[in-house]
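S.K.: Starting from these lines, generate the structure:
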Amino acid sequence: MGVRVGARNDRSRLYVAVIMALKIASRFRRLLQRPGSIDLGPYERLTQLVGEAEESVLSLTDEELTEAVAELRTTGGLHEDEQIEFLALARDAGNRAIGERAFDGQVVGALAMLQGRVVEMATGEGKTLAGAIAAAGYAVGGRKVHVLAVNDYLAKRDAEWMGPVYELLGVTVSHVGQASTPEERREAYQAEVCYVPVSEIGFDVLRDRLVTDVADRVTVEPDVALVDEADSVLIDEARVPMVLAGATRNEALDDDVVQLVRTLRAGVDYEIDGDGRTVALTDRGTDKVEKALGEDANLYDDENLDTLTQINVALHAEVLLRRDVDYLVRDGKVSLINNNRGRIAKLQRWPDGLQAAVEAKEAVPVSDSGEVLDSITVQALIKQYKSLCGMTGTAVVVGESLQEFYEVDVAVVPPNKPNIRKDDQDRLYLTVDQKNDALVKHIGEVHETGRPILIGTHSVEESEQLSDKLEAAEIEHVVLNAKNDAEEAAIIAEAGVPGTVTVSTQMAGRGTDIRLGGKDETHDKDKALELGGLYVVGTGLHASRRLDDQLRGRAGRQGDPGGSLFFASLADELVTRYSVSSGLRPHPDDTGRLTDRKSVGMLEHAQRVADGANAELHRTTWQYNRLTGQQRAILLETREKVLTEDLAADELAERAKERYDELIDEVGEDVVKAAARRIALRHLDRRWTDHLAYLADLREGIHLRSLAGGIVHLKPIDEFNKSAIASFDTLIEDSWKDAAETFVDAEITSDGLNEETSGIPRPTATWTYLVNDNPFGTEADRILGRLRNAIKPESFSEPEEILAEDFDDDDLPEELRDADDDSDDEADDLPEELRDADDEADEDQKK
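M.R.: The predicted structure follows:
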């Protein structure tokens, strides 16, 4: 229809200049080794051009607007002034369709995402609309976009919310959730823009890898990933494997084993490592178990291997997995909790018999066991996409990690209105009880004023314990956690109403907007503003300050007033796990509060160590998974040829010619080709499953192998790669040999292959789950970790002088007292090389 806006030549020249400026800025940033964020100046200048172009769009009818977008469609992406024109059309489409005209900041954000950036925008600044505009821009440029959400609720909500905008722009949109059928998934992935939880697309990719018929696939080739809550998905959950498992047998634990484990005593019969990740029998515990098994029993004999495995798994379930923290029991089933989001992890479970152990512990029916058929980490999944961009409220802090692992930069978009939220300094207490007493008292004082309060806790258990304390203090409140996630949207929508106290588990990951005065802003919004806006209270610091900032960001949206305050104690898990008490002599006031620089510094140090530990774990996990990913790609290339070509028939005709010719005469070529394909696919999948099991065992014991060669001589990752390569070298050839043997004796009739009688049955059922993949918690790592934690940060070098007579060791929380008492013993556990380094560290501290 010939609708074009502005002078093309002038804008083209400016666009080229802007792109050149971006490239120069990028190189300069690399030179300065500051990859975290980029200069927004060029984007802001382009946004001015979008504003000028918008004037010509306002007079268009809806049909003309849709037609104007259609004229921009291409298969090579939008270029030069086409991008500016599209953004002008999209901005007006948002205003017409849902009554939201994108602010300049949202346009800047959309531009940055179209350039492959991760955009940081504060809560309430309109990330959802900015992301929709960017996704539509990619689609108009001929690309398929997956908007990766953190859960079903947000995927469905955002797809439906932005649906009218996409419709006006002539872009098809869909969403996928856990309840979607295969046919619904297949149809949804055909849309130009599909909103889908990152776990769901991961599970669909895994299932598609095991299909025996191309028609059974549901996904499409990955093209553009636009990631919501990008820091959470790309960093926090990047190392988490998504697993596809197949049923093998029911694996109920022996009830005698369950009862025996319950008689074991902590510190006597078993010990928990310092990280709280593994538990092991002591010599005394082993003796006790062997005595229960019978005279002359040796728990480590081959004949008792199954019993030993059951005891270890039952002990892990009994000691390390906590009800209402790691899982819930409801409707007679054990449901895992996603610790990053405080939600029920539906259709997910633990592997290797651990699920059955927890079910036995809770006396609920035991579900089928299974074996891992395939797995993929979030990071490996994301790396499959040709283009990556995203949005979040906190990205700069992880800017270097985003650059290291994904080669993407961060664009920080300033808020449309200045942030006037008041963040108070953290309040630190000696013990958890003192912290909780002060916490409840402070909440009561604020609540009396009528100010709306949002309280962020770390677990279901903590939220319920706090709820009991609030009830005892006669403070009315509502609780939002994994037990009532279906009501979460309604609860959060009213969290900004005056007089409301909302207790939430892991609020940082909810992704829901909180407006003062409630969802429709009609419930005393003026009063909420007068009282200072939403007040956020944290019951403890997270392992990353970035997660604390996400929780704080729930208050003070779009220039509203707000406030935040975090409570912590020296007995919190963050401190006891990531810091040490050596030399600490705290001086609390009558309430147990600590204000001295050394105590506060210890808290900050623990958070920095936790951040560093998680970053290192991410890096290490990626190193281990990289080779596996390369091997998987080789296998999938062969599998694709078997699935889509006649490779299986050709191979088996050569390896078992007599049988092949015989079957051709009996049942026909088509039936034989189909049977050969299914046999070959089954053996490729079987060999890969066995290879994954071998790699899992290898990773668990690789540190012991490296120590056997001397701690400084062999790197675990090198030993792992060497063994993994040797194991994979003959995998495909062995699969063909297995397939040929099966083909010779297989029952193949005119009806096709009988897999059951031919000895190659496929799993009777499959399911998916996520696991926290941390196979590196070995003794060697814990020794090194203790050494790192023992070296104090510079902020501790000049502590306040506290007289010895003013302090008693009994004043320390029990957790820290134990750590301090054990410090000398732990030094004896160090290898000689590390013990010397530990002594040197002590000398440095004395100086």
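S.K.: Kindly indicate whether residue 337 is helix, strand or coil.
M.R.: For residue 337, the assignment made with DSSP: H, G, I helix; E, B strand; the rest coil gives strand.
S.K.: Tell me how many other residues surround it.
M.R.: Residue 337 sits with 26 neighbouring residues when counted by other Cβ atoms under 10 Å. (Each C-beta comes from the backbone N, C-alpha and C, glycine too.)
S.K.: With residue 545 instead?
M.R.: Count around residue 545 with other Cβ under 10 Å applied: 17.
S.K.: Next: residue 278.
M.R.: Residue 278 is flanked by 18 other residues according to other Cβ under 10 Å.
S.K.: so where's the longest helix in this protein?
M.R.: As far as residue count goes, and with DSSP state H defining each element, the longest helix of the chain is helix 597-644.
S.K.: can I assume residue 658 sits in a helix?
M.R.: Yes - under the criterion used here (three-state DSSP), residue 658 sits inside a helix.
S.K.: Please report the number of neighbouring residues for it.
M.R.: Neighbour number of residue 658 under other Cβ under 10 Å is 8.
S.K.: what does residue 309 give?
M.R.: Burial of residue 309, expressed as a neighbour count using other Cβ under 10 Å, amounts to 13.
S.K.: That one in helix, strand or coil?
M.R.: Using three-state DSSP, the secondary structure recorded for residue 309 is helix.
S.K.: so how far is residue 516 from the residue nearest to the spatial centre of the chain?
M.R.: Among the residues of the chain, the smallest C-alpha distance to the mean C-alpha position (Cα atoms, centre = their mean) belongs to residue 237, namely 2.0 Å. Counting by Cβ to Cβ, to the nearest Å, the gap from residue 237 to residue 516 is 31 Å.
S.K.: Spit out the contact partners of residue 725.
M.R.: With contact taken as Cβ atoms under 8 Å, 6 or more residues apart in numbering, residue 725 is in contact with residue 627.
S.K.: what is the rounded mean pLDDT of the longest helix of the chain?
M.R.: For helix 597-644, the mean pLDDT works out to 90.
S.K.: where's residue 187, which helix or strand?
M.R.: Residue 187 belongs to helix 182-189 when assigned by DSSP states H and E.
S.K.: Can you tell me the element the residue of the chain most remote from its centre falls in?
M.R.: No residue in the chain sits farther from the centre than residue 665, which is 54.5 Å out by Cα atoms, centre = their mean. Mapping residue 665 onto the secondary structure by DSSP H and E places it in helix 657-667.
S.K.: Which elements pack onto that helix?
M.R.: Using 3 or more Cβ pairs under 8 Å, 6 or more residues apart in numbering; DSSP states H and E as the contact definition, the elements that helix 657-667 packs against are helix 647-655, helix 669-708, helix 731-745, strand 748-749.
S.K.: how much distance is there from it to the middle of the chain?
M.R.: For helix 657-667, the gap between its own C-alpha mean and the chain's C-alpha mean amounts to 51 Å (Cα atoms, centre = their mean, to the nearest Å).
S.K.: Let me know the angle separating that helix from helix 669-708.
M.R.: Between helix 657-667 and helix 669-708, the angle formed by their directions is 140 degrees, by axes from the mean of the first three to the mean of the last three Cα atoms, to 10 degrees.
S.K.: Tell me which of the helices and strands packed on helix 657-667 sits nearest to residue 417.
M.R.: If you check each of the helices and strands packed on helix 657-667 against residue 417 by Cβ to Cβ, helix 669-708 wins as the nearest, at 50.0 Å.
S.K.: which parts of that closest one are buried?
M.R.: 671-689, 691-692, 695, 698-699, 702-703, 706-707 (16 or more other Cβ atoms under 10 Å).
S.K.: Residue 445 and residue 502: what is the separation?
M.R.: To residue 502, residue 445 is 17 Å away according to Cβ to Cβ.
S.K.: Would you mind telling me which of those two has more residues around it?
M.R.: Under the neighbour definition other Cβ under 10 Å, residue 445 and residue 502 were set side by side, and residue 502 has more, 23 against 10.
S.K.: what does the average pLDDT come to for whichever strand or helix holds residue 231?
M.R.: Under the criterion of DSSP H and E, residue 231 resides in helix 230-231. Averaged over helix 230-231, pLDDT sits at 92.
S.K.: got the contact list for it?
M.R.: 118, 390, 391, 392, 394, 395, 397, 398, 402, 546.
S.K.: what about the second one, which SS state?
M.R.: By that I understand residue 390. Here residue 390 is strand, with the state taken from three-state DSSP.
S.K.: What residues are bridge-paired with it?
M.R.: Judged by DSSP bridges, the bridge partners of residue 390 are residue 118, residue 227.
S.K.: what's the distance between it and residue 86?
M.R.: Here the criterion is Cβ to Cβ. By it, residue 390 lies 20 Å from residue 86.
S.K.: Which one's more surrounded, these two?
M.R.: residue 390 (30 against 26).
S.K.: which ones are touching the more buried one?
M.R.: The neighbourhood of residue 390, defined by Cβ under 8 Å, 6+ apart, consists of 113, 118, 119, 148, 225, 226, 227, 228, 230, 233, 234, 408.
S.K.: Of those residues, just say which sits nearest to residue 584.
M.R.: The closest of those to residue 584 turns out to be residue 234 (Cβ to Cβ; 36.0 Å).
S.K.: Hmm, the closest one is touching residue 226, no?
M.R.: No - look at residue 234 against residue 226 with Cβ atoms under 8 Å: they stay out of range, at 11.9 Å.
S.K.: So residue 543: helix, strand or coil?
M.R.: Looking at residue 543 with three-state DSSP, the answer is coil.
S.K.: That one and residue 610 touch, don't they?
M.R.: Yes - look at residue 543 against residue 610 with Cβ under 8 Å: they come within range, at 3.9 Å.
S.K.: what touches both of the two?
M.R.: With the criterion set as Cβ under 8 Å, 6+ apart, the overlap between the contacts of residue 543 and residue 610 is 574, 578.
S.K.: before we move on, what SS does residue 191 have?
M.R.: Three-state secondary structure (criterion: three-state DSSP) places residue 191 in coil.
S.K.: Now it. Nearest residue, chain neighbours left out?
M.R.: Residue nearest to residue 191 in three dimensions, not counting chain neighbours: residue 174, with 3.8 Å by Cβ to Cβ, 6 or more residues apart in numbering.
S.K.: State the number of residues packed around the one you found.
M.R.: Considering only other Cβ under 10 Å, residue 174 is surrounded by 21 other residues.
S.K.: So it is in contact with residue 186, correct?
M.R.: No - distance between residue 174 and residue 186: 10.7 Å, which falls outside the contact criterion (Cβ under 8 Å).
S.K.: my read is residue 537 is in a strand, agree?
M.R.: Yes - read with three-state DSSP, residue 537 is one of the residues of a strand.
S.K.: ok, back up a step: contacts for the helix holding residue 665?
M.R.: Helix 657-667 is touched from outside by 649, 652, 653, 671, 672, 675, 676, 743, 744, 748, 749, 750, with contacts defined as Cβ under 8 Å, 6+ apart.
S.K.: residues contacting the fifth one?
M.R.: Taking Cβ under 8 Å, 6+ apart as the definition of contact, the neighbours of residue 672 are 649, 660, 663, 664, 748.
S.K.: wait, which of those residues is closest to residue 288?
M.R.: Distance from residue 288 was checked for each of the contacts of residue 672 by Cβ to Cβ. The minimum falls on residue 748, at 55.8 Å.
S.K.: how many neighbours does the closest one have?
M.R.: Residue 748 is surrounded by 21 other residues when neighbours are defined as other Cβ under 10 Å.
S.K.: Is it bridged to anything, and to what?
M.R.: Here residue 748 shows beta-bridge partners residue 753, assigned using DSSP bridges.
S.K.: Need the per-residue pLDDT for it.
M.R.: The model reports residue 748 with a pLDDT of 94.
S.K.: Many thanks, I have nothing further to ask.
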